[in-house]
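*Asks:* structure for the following, please:
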Amino acid sequence: MKPEMITLKHGDTTIKMPAASLAKLAVASVFAQVLPPAANVQPACPHSVPELGAVWPGQGGFNGGLIAARGDVPEHYLIIASIDVGDHEWGGRGIEVKGLSKTDGYTNTQVLCGNEDERKYPAADACAEYQADGHHDFYLPACAELYHCWVNVPDLFAKDTWYWSSTQRSANGAFTMNFVAGNQVSYGKSFELRVRPVRRLFI
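*Replies:* Below is the predicted model of the structure:
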């Protein structure tokens, strides 16, 4: 069965269309006149993202840059806390903690803070306890996340010290980062080194 057609003429122009299509256009036109404009809804857009290294209002720190999705972790911005939280031991010297990652500092911190052997991991604990702008999901970054910080925003970090990562090297050592030349080396877990919390802002 052929659809009912309607012919519209305006000057020298002729438009022929199904009646159902014309009805849809008419209804859409009515809604456009009655409903408030969609422009009142503010979408999340790239223009709302601060520059690299700039304060991200309401997010607890600075924009550390976009990190691509990896495994079960979706694409996200890394928010770097506004301050260091002191010098701390990594903790657990002589114990090789299972389940730690080179890239996922959030999971590393959860493992270290929730360990069942009741040993203390001061660097991770200091980050997990940090709060800013109402956010309580900060963590000790993995070595790959610290390297990401060196590539994108090295000036946010002190140059006269080494920063702990949450990535373990062995039972006695863990990876650290220096922000002068981007060196990553292993230090003994009993050393007291600088600590900077980070958190994730998913998009």
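*Asks:* give me the below-cutoff pLDDT ranges for the protein.
*Replies:* Scanning the chain for pLDDT under 70 picks out the ranges 1-47, 117-118.
*Asks:* which stretches of it form strands?
*Replies:* Applying DSSP state E to the chain gives strands spanning 5-10, 13-18, 55-56, 61-67, 76-81, 87-89, 163-168, 173-177, 184-188, 192-194, 198-202.
*Asks:* contacts for the longest one, please.
*Replies:* By Cβ atoms under 8 Å, 6 or more residues apart in numbering, the list of residues contacting strand 61-67 from outside reads 49-56, 75-82, 132, 145, 148-149, 151-153, 156, 198-199, 203. (C-beta placed from N, C-alpha, C; glycine too.)
*Asks:* one more: stretch 144-157?
*Replies:* Contacts for stretch 144-157 (Cβ under 8 Å, 6+ apart): 52-53, 62-65, 67, 78, 80, 102-103, 105, 141, 163, 165, 167, 177, 179, 182, 184, 196, 198.
*Asks:* weed out the non-buried ones from those.
*Replies:* 53, 62-64, 67, 78, 80, 102-103, 105, 141, 163, 165, 167, 177, 179, 184, 196, 198 (16 or more other Cβ atoms under 10 Å).
*Asks:* and stretch 179-199, which residues are buried?
*Replies:* For stretch 179-199, the neighbour count (16+ other Cβ under 10 Å) marks 179, 184, 186-187, 189, 191, 193-199 as buried.
*Asks:* same question for stretch 110-129.
*Replies:* Going by neighbour count (16+ other Cβ under 10 Å), the buried part of stretch 110-129 is 110-113, 115, 121-128.
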